[in-house]
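K.L.:
generate coordinates for the sequence data below:
(2 chains)
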Amino acid sequence: MNNDIFLTRPRPGHGGWRSRWWRVLLGLLFCGAALRADAPGSKEYAVKAAFLFNFTKFVEWPAAAFADDSAPLVIGILGDDPFGPALDEIVQGETVQKRTVVVRRKLQLADLKGCQVLFVSKTEHARLARIVADLGEASVLTVGDMEGFARHGGVINFYLEENKVRFEINPDAARSKGLKLSSQLLKLGRIVGSEAN
Amino acid sequence: MGWLRNLSIKGKLRLVTWLTSLAVLALVCGALAVYEWVTFRQTMGQDMTVLADALGRNSTAALSFQNEKDARETLAALAAEPHVLAACLFDKDQKRFATYVRQGVTAEFPDIPPAAEPRFANGRMELAHPVRFEGKPVGTLYLLADLQGMTTRFESYGIIVAAVTLVAFFVTLVLTSGLQRLISRPILALTDTARVVAERKDYSVRAPRSGRDEVGVLANAINQMLGEIENRQRALQQAKESLQTQSAQIAQTVEVLGSSATDILELSTHVAAAATETATAVTQSTATVEEVRHTALVSSQKTRHVSDDANRVAQISQTGRKSTEETREGMNRIRAQMLSIAESMARLSGQTQTIGDIIATVEGLAQQSNLLAVNAAIEAAKAGEQGKGFAVVAHEVKNLAEQSRQATTQVRTILSDIQQAASAAAQATEQGSKMVEAGVQQSAQAGESIVALASSIAEAADAAVQVASSSQQQLVGMDQVTQAMDRINQTSTQNVEIARQLESAARNLRNLGQQLTSLIAQYRKEEAIP
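P.N.:
Coordinates of the predicted model:
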């Protein structure tokens, strides 16, 4: 199944009466297909949202990562937000490691270090290297769902296997950021090493 | 339960020890079993809960990230716990997430996890433990285990109990063999002693000492008892001996009493005979006196007629001479009889003396008997129960002695009476003799006077008067003699009576003496038996 979804619209004035209705029908079909294609997609991101939240339970941030004891745990989303309200629902009212959890969207590069968890959307694929370099050794758990994310310095990367959401982990990256990952998490994820870029 | 009573001490000891051991073992095993039963489930529940908890913690990530494979691998670790039959991990929507089933086991998982408390059913335990992560439930772990552990444990217990019981059995055998000797030996020793004493009647035997337990105390008590019995036996023996001596003495005394009684009997017979003789003599004397009296009267009459009839003087003087002759003869006879009376009196006196001696003897004997009786009574009292028979005998003896004494007193009184009467009689006899003498003289004179009558009638009247007066005196004398005769007669009659009484008293005494002898013989027979 492709991650990219292409919406096809019927182009006006393309054919005669028959070809027009045929295209409408086709369009509707595609819409339906697209809509259907959307449902699995949203389910996938619901799962990913849950996983994203769950990661916070299996990661230890150094004390310096937080302003103080009462500071919330910030999950930032860089680029397009694929989760929608699902993530907010999951996060609402929850506490992780005695901190409330907050979701921030539409971040600028400057805000990145204020997050503890940063989800890098696929749309930021081009800027990946720069983002990673910018973050450097800041204790931010970088999570993505694009090909090669972990190899290029991201900590956790989602991938799909047999219709199931899985993830791969780059423990070196985590270590360089001062993040401690639970062995259980490491057990579940596919271990990936950093590639020299 | 008779057999229980008849069981030897060894057997009883064994039985007691076995029962005690068994009871203790049973109690201990029972208590342990109950404890095990109660706590096993608790312990097992706890263990399984801990296991479930650990597994749950390890499964939180798998549950969070929906990694069934990882969860299955985690559950597979249960293979190491042989009592866990199956496990099932439910996610937070209570849907089955991962399962584990032991090899060879068939198990059915519930569709939804049951309540959290461990449940025991069909020989299995099931437990549903919530899996929490960061305080929130993320799923449930369901465990199914068997209770084989408990069964195995109980089997082991059973074997141990059986083994221990067997060992206890043998230990008991050994212990009781030793212990029972401690108890039985002194008891058996006591039994032997008792048997020896009973068989040989030897009370000087003593039981061996044996410690200060109850048996030892018993042995001491028995020894004390034997000592007491020995002392009593000795005292009894002594009493018996002294009783025997005294009964011999009494028998002797009784013999003497008997012979004395016999003697008295004889003497009384003699006395009676003498008295009878005396009576006869007296009667004869009285008769003779009567004759004399009569003759004197006749002579008196005749001489009164002398003055009227002088012619018949020669005849009368002849007749008178005859008469005086006769009178003299009569006087002589009287004198002779007086003498014989005197002799009888003397004999009587002598016999009375003898009787007096005998009475004295009897009195002495009676006194002795009394003393002996008293002694015997004392001995009898000392001998207690066994002397009772003898006490009776002594009492009888005492009574007899008393009776004898009384009889002797009576006899003495009678004797003194006799003596008095005899002396009175003797006096009277003497008087009578004197009178007879006088009479004889006067008859002689009368004869001479009558012979001189022929020559002198004139003196005849005076002579006749003289004769008359002398006849008168004769009469008086005769009267006196008659009186004396009467008195003697009375005395003789009394004597006869006395002699009869004496005879009966002597007879009684003899009878009593015989009774006493037979009593004593009986007593001696009784005494001689043991």
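K.L.:
okay, the closest residue to A:Asp81 other than its chain neighbours: pLDDT?
P.N.:
Once flanking residues are discounted, A:Asp81 sits nearest to A:Arg105: 5.3 Å by C-beta to C-beta, 6 or more residues apart in numbering or on different chains. C-betas here are computed from N, CA, C, even on glycine. Note on A:Arg105: pLDDT of 87.
K.L.:
swap in the one 3 residues further on?
P.N.:
The predicted structure scores A:Gln108 at 81 on the pLDDT scale.
K.L.:
tell me, how many residues neighbour it?
P.N.:
7 (other C-beta atoms under 10 Å in any protein chain shown).
K.L.:
ok, now B:Gly432?
P.N.:
B:Gly432, neighbours per other C-beta under 10 Å, totals 30.
K.L.:
that one contacts B:Gln337, correct?
P.N.:
No. Taking C-beta atoms under 8 Å as the definition, B:Gly432 is not a contact partner of B:Gln337, at 9.4 Å.
K.L.:
can you count the residues close to the residue nearest to A:Asp81?
P.N.:
That count, for A:Arg105 with other C-beta under 10 Å as the rule, works out to 15.
K.L.:
repeat for B:Leu179
P.N.:
For B:Leu179, using other C-beta under 10 Å, the count is 16.
K.L.:
can you tell me the SS state at it?
P.N.:
helix (DSSP: H, G, I helix; E, B strand; the rest coil).
K.L.:
now it. Nearest residue, chain neighbours left out?
P.N.:
Using C-beta to C-beta, 6+ apart, the nearest residue to B:Leu179 is B:Leu13, at 5.7 Å.
K.L.:
who's in contact with B:Ala407?
P.N.:
B:362, B:505, B:508-509 (C-beta atoms under 8 Å, 6 or more residues apart in numbering or on different chains).
K.L.:
now do the strand or helix carrying it: distance to the chain's middle.
P.N.:
Element membership for B:Ala407 (DSSP states H and E) is helix B:388-453. Centre-to-centre, helix B:388-453 and its host chain are 55 Å apart (C-alpha atoms, centre = their mean, to the nearest Å).
K.L.:
could you confirm whether stretch B:130-142 reaches chain A?
P.N.:
Yes. Stretch B:130-142 reaches chain A (C-beta under 8 Å from any C-beta of the partner chain) through B:133-134.
K.L.:
can you give me the buried ones in that stretch?
P.N.:
B:130-131, B:133-134, B:138-142 (16 or more other C-beta atoms under 10 Å in any protein chain shown).
K.L.:
and for stretch B:357-370?
P.N.:
B:358-359, B:361-363, B:365-366, B:368-370.
K.L.:
just stretch B:213-225 next, same as before
P.N.:
B:215, B:219, B:222-223.
K.L.:
over to stretch B:415-423?
P.N.:
Across stretch B:415-423, burial judged by 16+ other C-beta under 10 Å covers B:415, B:418-419, B:421-422.
K.L.:
do stretch B:179-187 as well
P.N.:
Counting neighbours by 16+ other C-beta under 10 Å, stretch B:179-187 gives B:179-180, B:183-184, B:186 as buried.
K.L.:
chain center to that stretch: distance?
P.N.:
For stretch B:179-187, the distance to the chain centre is 39 Å (C-alpha atoms, centre = their mean).
K.L.:
contacts for that stretch, please.
P.N.:
Contacts for stretch B:179-187 (C-beta under 8 Å, 6+ apart): B:8-10, B:13-14, B:208, B:210-211, B:215-216, B:219.
K.L.:
at 10 Å instead, please
P.N.:
Outside stretch B:179-187, the residues that touch it by C-beta atoms under 10 Å, 6 or more residues apart in numbering or on different chains are B:8-14, B:17, B:172, B:188, B:191, B:207-211, B:213-216, B:218-219.
K.L.:
ok, the closest residue in space to B:Ser204 that isn't next to it in sequence - contacts?
P.N.:
Once flanking residues are discounted, B:Ser204 sits nearest to B:Glu230: 5.9 Å by C-beta to C-beta, 6+ apart. When contacts are counted by C-beta under 10 Å, 6+ apart, B:Glu230 is found next to B:202-206.
K.L.:
any idea how far the least confident helix or strand in chain B by mean pLDDT is from the middle of the chain?
P.N.:
Scoring the helices and strands of chain B by mean pLDDT, DSSP states H and E places helix B:457-528 at the bottom, with a mean of 78. Relative to the chain's own centre, helix B:457-528 is displaced by 55 Å; criterion: C-alpha atoms, centre = their mean.
K.L.:
name the residue of the stretch 201-350 of chain B that lies nearest to chain A.
P.N.:
B:Asp213 (76.7 Å; C-beta to the nearest C-beta).
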